[in-house]
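>>> Predicted model and sequence below, questions to follow.
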Amino acid sequence: MQSALINGKKLCCSMLLKNCFRPLSAASGKLTNVEINDKTGVAVLTMNRLPVNGLNLDLLRDLLQSIQEIEKNKCRGLILTSASNTIFSAGLDITEMYKPDQERLKQFWNALQDVWLALYGSAVPTAAAINGHSPAGGCLLASSCEYRVMLPKYTIGLNETQLGIVAPKWFMSTFRNVLPRRIAEQALVQGKMFTSDEALKVGLVDELVASKEEALIKCEKFFASFSKTDPIARYLTKKQLRYNDMKELQDEKVQDVENFVSFVNQPTVQKSLGFYLESLKKKAK
Ligand SMILES: CC/C=C\C/C=C\C/C=C\C/C=C/C(=O)SCCNC(=O)CCNC(=O)[C@H](O)C(C)(C)COP(=O)(O)OP(=O)(O)OC[C@H]1O[C@@H](n2cnc3c(N)ncnc32)[C@H](O)[C@@H]1OP(=O)(O)O
């Protein structure tokens, strides 16, 4: 009965996908794609830097532009997802941090700050359809949204300590906004990657579903739950709750870039990043 119901909705969704989605052309950069469902007003923002949606400067710039366009268009919701079938996002593109060009390194971190401020503070309701692995920066993006739906058998978490790096304060605040403090602290110090089941159990994600289509439907349902809520009151409430986290970064944006640059340039950190990149490449062979 339940699967018949789900199938019914699936059919509905694929019909919607065919008939109601129009691209938001101004927001569709090379590495992201935005489609708006004309019936519901919900925008699907898809990261499309395959194979792993590594967050490099270009993807971050496209993401920011897309989020801003979705806000400008007063969409009813923003669903963040991936064009890959197995990876939501591999997090920050480590090649941006390894033996970096110093000017680009600053721009890179600045772009990440801006994407986080735009997504975490978005006036439009946000949800992530996590259709693949979501380590570190990928987890940051998903956790910045208000609701998360994940597919089974993937992993999600802030694994920075396992890489020999320290997650910045605002990564940690984002995590703490979702998880109970003690669980967040344990996971952060361990650099724990949660399986989909574990993530559901601790509340890092809100629902598990079998397919991306179902994930999109669940995210739409989350937005529909605001149908009787005043949108301005909704946004002001969210803004108040997230105000301190955002203000902390806004006040320290320049210092935060400097901290990042100085941290990344440390020989020990460069060594860790080099080894890690090498291990990823060896794994791929
Ligand atoms: C005091 C503090 C002050 C300031 C703070 C300072 C610093 C802190 C800075 C930042 C915080 C860091 C945040 C991050 O996001 S770091 C990135 C973390 N990401 C990961 O650990 C994920 C690594 N990748 C994987 O685990 C797997 O690739 C993945 C599960 C995502 C996919 O596996 P799959 O088997 O499908 O693909 P692969 O064969 O592994 O990869 C394909 C291809 O892509 C390359 N790759 C993968 N991930 C990355 C990445 N994050 N960056 C760059 N490149 C990546 C991989 O090497 C393969 O490349 P190739 O061999 O050339 O095909």
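Yep, it's here.
>>> going forward, measure contacts between C-alpha atoms and count neighbours the same way
Will do.
>>> can you give me the helices in the stretch 51-200 of the chain?
Counting by DSSP state H, counting those that start in this stretch, the stretch 51-200 of the chain has helices at residues 57-72, 102-120, 137-144, 169-178, 181-190, 196-202.
>>> closest to the ligand out of those helices?
helix 137-144 (3.6 Å; Cα to the nearest ligand atom).
>>> Around the ligand, pick out the residues from the stretch 51-200 of the chain.
52, 54, 90-95, 133, 135-137, 160, 165-168 (Cα under 6 Å from any ligand atom).
>>> Is it possible to mark the buried ones in those residues?
By neighbour count, with 16 or more other Cα atoms under 10 Å, those hold 52, 54, 90-94, 133, 135-137, 160, 165-167 as buried.
>>> and the gap between the residue nearest to Gln190 when sequence neighbours are not counted and Gln186?
Spatial nearest neighbour of Gln190, excluding adjacent residues (Cα to Cα, 6 or more residues apart in numbering): Thr161 at 6.6 Å. Separation of Thr161 from Gln186 (Cα to Cα, to the nearest Å) stands at 11 Å.
>>> Compare those two (neighbour count), which wins?
Thr161 (15 against 11; other Cα atoms under 10 Å).
>>> Contact partners for that one?
167, 188-191 (Cα atoms under 8 Å, 6 or more residues apart in numbering).
>>> do Val115 as well
60-61, 63-64.
>>> With pLDDT added, can I get those in TSV?
Formatted as TSV, the contacts of Val115 follow (pLDDT from 0 to 100):
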residue	pLDDT
Leu60	98
Arg61	98
Leu63	98
Leu64	98
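>>> Just the buried ones from those, in PyMOL syntax?
Filtering those down to the buried ones (16+ other Cα under 10 Å) takes a single PyMOL command:
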select buried, resi 60+61+63+64
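>>> Grab the most central residue of this protein for me.
The chain has Leu141 as the residue nearest its centroid, 2.0 Å off, counting by Cα atoms, centre = their mean.
>>> can you pull out the strands in the stretch 1-150 of the chain?
21-23, 32-37, 42-47, 77-82, 126-130, 134-135, 147-150 (DSSP state E, counting those that start in this stretch).
>>> Pipe these into TSV and attach mean pLDDT per row.
Output for the strands of the stretch 1-150 of the chain, formatted as TSV (pLDDT from 0 to 100):
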stretch	mean pLDDT
strand 21-23	79
strand 32-37	96
strand 42-47	98
strand 77-82	98
strand 126-130	98
strand 134-135	98
strand 147-150	98
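>>> which of these sits most buried?
Ranked by mean neighbour count, the strands of the stretch 1-150 of the chain are led by strand 126-130 with a mean of 29 (mean count of other Cα atoms under 10 Å).
>>> Can you check which helix is longest in this protein?
In the chain, with assignment by DSSP state H, the single longest helix is helix 231-251.
>>> Quick check: which helices or strands does that one pack against?
helix 169-178 (3 or more Cα pairs under 8 Å, 6 or more residues apart in numbering; DSSP states H and E).
>>> Neighbours of Val178, how many?
Neighbours of Val178 using other Cα under 10 Å come to 18.
>>> Show the pLDDT at it.
Per-residue pLDDT puts Val178 at 98.
>>> With Lys9 instead?
34.
>>> returning to that earlier point: state the pair within the buried ones among the residues of the stretch 51-200 of the chain next to the ligand that is farthest apart.
Val52 and Val166 (21.9 Å; Cα to Cα).
>>> contact partners of stretch 21-40?
16-17, 20, 42-49, 58-59, 62-63, 65-67, 69-70, 75-76.
>>> Span of it from start to end?
Note: stretch 21-40 ends 10 Å apart using Cα to Cα.
>>> That stretch: how far from the chain's middle?
17 Å (Cα atoms, centre = their mean, to the nearest Å).
>>> Endpoint to endpoint, stretch 246-258 covers what distance?
First-to-last distance for stretch 246-258 - Cα to Cα - comes to 18 Å.
>>> That one - what's its average pLDDT?
Per-residue scores along stretch 246-258 average to 98.
>>> in the longest helix of the chain, what counts as buried?
Taking 16+ other Cα under 10 Å as the criterion, helix 231-251 shows 235, 238-239, 242, 245-246, 249 as buried.
>>> Quick one: work out the angle between it and helix 102-120.
150 degrees (axes from the mean of the first three to the mean of the last three Cα atoms, to 10 degrees).
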